[in-house]
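Visitor: no sequence on hand, only this structure:
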């Protein structure tokens with residue numbers, strides 16, 4: 001099924017897989033700035049994010065009884081910014097026992113800390129913290145759109161971004177839509193079929209023997225799904241049309257409530273970071289008189305914390321907290 005000008009018609013999942021992770025895909029291209037050159041995550045917004053994750057790792061370590069080795073697994077590690085920041089923020093008594101993994105399909109950056117193991121596939125039997133920051137939104141998913149007869153059909157796309165409707169959605173994907181994202185019987189309504197994300201997250205959690213798995217992402221929940229889906233692209237710091245030719249990031253928000261396994265909690269980033277001590281409180285003016293340098297530093301931290309926790313922005317990201325063989329209450333994290 002091809003076009004003379006735009007190439008083969010394929011579902012968005014297959015097209016995105018090649019565009020992002022193929023031999024010349026967006027995430028595997030050698031050199032260049034990496035993902036940080038095209039979009040800004042909480043990791044890039046402030047080093048306080050890595051500080052918060054380091055604090056979370058310390059809580060997991062304590063809940064595990066301070067084992068001889070505690071793992072930190074950074075899923076979709078980019079150029080290793082988060083895992084490097086976490087290692088740098090750990091207290092010595094935890095850093096000496098920490099084993100750090102960066103899981104990423106791209107090649108290892110030359111300047112990465114030697115303590116970090118760079119893997120194409122996540123490790124198994126993890127005791128510690130698996131942290132997936134903006135990973136699931138880049139797990140490719142097919143798109144469904146309601147046709148004129150009220151039938152959800154798979155959206156097909158060419159390499160140049162042109163779309164048309166394909167076959168009706170059936171089987172497990174239709175069951176997922178019916179349960180998690182039932183579409184109104186109105187032409188043009190769209191949804192991303194999140195079943196591959198659910199399965200990817202279940203596999204990631206299964207790699208943790210004891211500890212905590214956390215997924216952080218753009219999210220929506222049942223009862224508040226967007227009417228026309230969220231598929232979009234990012235290129236050179238700006239949102240753009242999603243074109244599956246390898247030139248841009250292709251992403252869609254995550255139905256994190258569908259990913260959740262028994263025992264999970266879903267909270268906002270604002271709630272999670274507040275529980276980890278990241279708040280935007282202004283430092284006391286008296287500090288400016290006694291220690292001006294500390295005052296300026298605290299003021300800068302407050303501004304960065306405000307961005308990380310801002311309503312309508314990064315603060316609205318979802319944190320899916322999945323304890324594995326440790327009681328949730330031992331981690332000092334909110335229930336909702």
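Guide: Here it is on my side, so go on. Please read all numbers here as calculations on a predicted model, not as lab measurements. Numbering: from 1, shown residues only.

Visitor: residue 273: what secondary structure?
Guide: Three-state call for residue 273 (DSSP: H, G, I helix; E, B strand; the rest coil): helix.

Visitor: so what touches the longest strand along the chain?
Guide: Scanning the chain for the strand with the most residues, using DSSP state E, yields strand 208-217. Strand 208-217 is contacted from outside by 42, 56, 60, 64, 71, 125-137, 201, 204-205, 253-254, 256, 259, 269, 317-326, 331, using C-beta atoms under 8 Å, 6 or more residues apart in numbering. (Glycine included, C-beta is placed from N, CA and C.)

Visitor: residue 89 - nearest residue in space that isn't next to it in sequence?
Guide: Counting by C-beta to C-beta, 6 or more residues apart in numbering, residue 89 lies nearest to residue 54, which is 3.7 Å off, once chain neighbours are set aside.

Visitor: ugh, wrong one, I meant residue 323
Guide: Using C-beta to C-beta, 6+ apart, the closest residue to residue 323 is residue 212 (5.5 Å).

Visitor: do the same with residue 17
Guide: Closest residue in space to residue 17, ignoring its immediate chain neighbours: residue 140 at 4.8 Å, by C-beta to C-beta, 6+ apart.

Visitor: in three-state terms, label that neighbour for me.
Guide: Under three-state DSSP, residue 140 comes out as coil.

Visitor: how far away is it from residue 303?
Guide: Distance, residue 140 to residue 303, by C-beta to C-beta, to the nearest Å: 36 Å.

Visitor: then residue 322?
Guide: 31 Å.

Visitor: of the two, which one has the most company?
Guide: residue 322 (24 against 13; other C-beta atoms under 10 Å).

Visitor: confirm the more buried one sits in a strand?
Guide: Yes: judged by three-state DSSP, residue 322 forms part of a strand.

Visitor: ok so, going back, in strands, which of the contacts of strand 208-217 fall?
Guide: 71, 126-133, 318-324.

Visitor: for the residue nearest in space to the middle of the chain, which non-adjacent residue is spatially closest?
Guide: Among the residues of the chain, the one closest to the centroid is residue 134, at 1.7 Å (C-alpha atoms, centre = their mean). The shortest distance from residue 134 to any non-neighbouring residue, by C-beta to C-beta, 6+ apart, is to residue 41 (5.3 Å).

Visitor: touching, the one you found and residue 132? I think so.
Guide: No: Residue 41 lies out of contact with residue 132 (C-beta atoms under 8 Å); the separation is 11.8 Å.

Visitor: which of these two has more residues huddled nearby?
Guide: Neighbour tally, residue 41 and residue 132, criterion other C-beta under 10 Å: the higher count belongs to residue 132, 24 against 17.

Visitor: wait, the more buried one touches residue 82, no?
Guide: No: in this structure, residue 132 is not within contact of residue 82 by C-beta under 8 Å, at 10.3 Å.

Visitor: the helices in the stretch 201-336 of the chain, which residues?
Guide: Along the stretch 201-336 of the chain, counting by DSSP state H, counting those that start in this stretch, helices occupy 256-259, 269-275, 285-290, 292-308.

Visitor: the stretch 1-150 of the chain too?
Guide: Going by DSSP H, counting those that start in this stretch, the stretch 1-150 of the chain shows helices at 12-21, 42-45, 48-63, 81-89, 92-95.

Visitor: ranking those by mean pLDDT, which is last?
Guide: Ranked by mean pLDDT, the helices of the stretch 1-150 of the chain end with helix 42-45 at the bottom, a mean of 89.

Visitor: buried residues in that helix?
Guide: 42, 43 (16 or more other C-beta atoms under 10 Å).
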